[in-house]
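> Next come a sequence and a model predicted from it.
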Amino acid sequence: MTTIIIPPDLEQAILEEAERRGVAPEAVAVDSLRRLFATPGRGGELSGDGSLVDFLGPYIGTVSGASEAFSEASGRRFADGLVEEYERGRV
């Protein structure tokens, strides 16, 4: 972990953005730094070649042994999951 001293003008901007999003200031700062410096994971950047299935391939799978029908209401579940991730400052 690295400690960064942020000038007052940037601190104020981060605080305002955090309040607007309803997340911690640290989440805003880390998200911004990730967007600038993090390398793309799994498979690199989209080049425009291939299909959506090719891109999502590593993330697609099945669930064995579950009695719950995971395919039902998947859009609502996905939206709920995004809201939860957003509230945690991960999206």
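All right, it came through fine.

> Check which helices and strands the host helix or strand of E16 sits against.
If you go by DSSP states H and E, E16 is part of helix 8-21. On a contact count with 3 or more CB pairs under 8 Å, 6 or more residues apart in numbering; DSSP states H and E, helix 8-21 meets helix 25-37. Using the backbone N, CA and C atoms, a C-beta is placed for each residue, glycine as well.

> check contacts around the spatially closest residue to E17 that is not a sequence neighbour.
Of all residues not flanking E17 in the chain, V28 sits nearest, at 4.9 Å (CB to CB, 6 or more residues apart in numbering). Under the criterion of CB atoms under 8 Å, 6 or more residues apart in numbering, the neighbours of V28 are I14, E17, A18, R21, G89.

> Swap in 6 Å and give it another go.
I14, E17, A18 (CB atoms under 6 Å, 6 or more residues apart in numbering).

> For my notes, please list the residues you listed in JSON lines and give pLDDT, distance to L56 and neighbour count for each entry.
Formatted as JSON lines, these follow (pLDDT from 0 to 100; distance: CB to CB, whole Å; neighbours: other CB atoms under 10 Å):
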{"residue": "I14", "pLDDT": "94", "distance to L56": "33", "neighbour count": "17"}
{"residue": "E17", "pLDDT": "92", "distance to L56": "30", "neighbour count": "16"}
{"residue": "A18", "pLDDT": "91", "distance to L56": "31", "neighbour count": "17"}
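
> tell me which of these is nearest to I5?
I14 (12.9 Å; CB to CB).

> Tell me how many other residues surround A27.
20 (other CB atoms under 10 Å).

> Can you tell me the element the spatially closest residue to it that is not a sequence neighbour falls in?
Excluding the flanking residues, the one nearest A27 by CB to CB, 6+ apart is G89, at 2.8 Å. Using DSSP H and E, G89 sits in no helix or strand.

> Tell me where the model's unsure across this structure.
39-49, 62-71, 91 (pLDDT under 70).

> Can you show me the CA trace of stretch 22-40 as PDB?
Only the C-alpha atoms of stretch 22-40 are listed here, as PDB (Å, rounded to 0.1, in the frame of the first residue of the first chain):
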ATOM      1  CA  GLY A  22     -22.700   8.100  -2.500                       C
ATOM      2  CA  VAL A  23     -19.400   6.200  -1.900                       C
ATOM      3  CA  ALA A  24     -16.200   6.700   0.100                       C
ATOM      4  CA  PRO A  25     -13.700   9.200  -1.200                       C
ATOM      5  CA  GLU A  26     -11.100   6.400  -1.300                       C
ATOM      6  CA  ALA A  27     -13.300   4.500  -3.800                       C
ATOM      7  CA  VAL A  28     -13.400   7.500  -6.100                       C
ATOM      8  CA  ALA A  29      -9.600   7.900  -5.900                       C
ATOM      9  CA  VAL A  30      -8.900   4.200  -6.500                       C
ATOM     10  CA  ASP A  31     -11.400   3.900  -9.300                       C
ATOM     11  CA  SER A  32      -9.800   7.000 -11.000                       C
ATOM     12  CA  LEU A  33      -6.300   5.600 -10.600                       C
ATOM     13  CA  ARG A  34      -7.400   2.200 -11.900                       C
ATOM     14  CA  ARG A  35      -8.900   3.800 -15.000                       C
ATOM     15  CA  LEU A  36      -5.600   5.600 -15.700                       C
ATOM     16  CA  PHE A  37      -3.100   3.000 -14.900                       C
ATOM     17  CA  ALA A  38      -4.400  -0.600 -14.500                       C
ATOM     18  CA  THR A  39      -3.800  -3.000 -17.300                       C
ATOM     19  CA  PRO A  40      -6.700  -4.900 -18.800                       C
END
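
> Thank you kindly, that will do.
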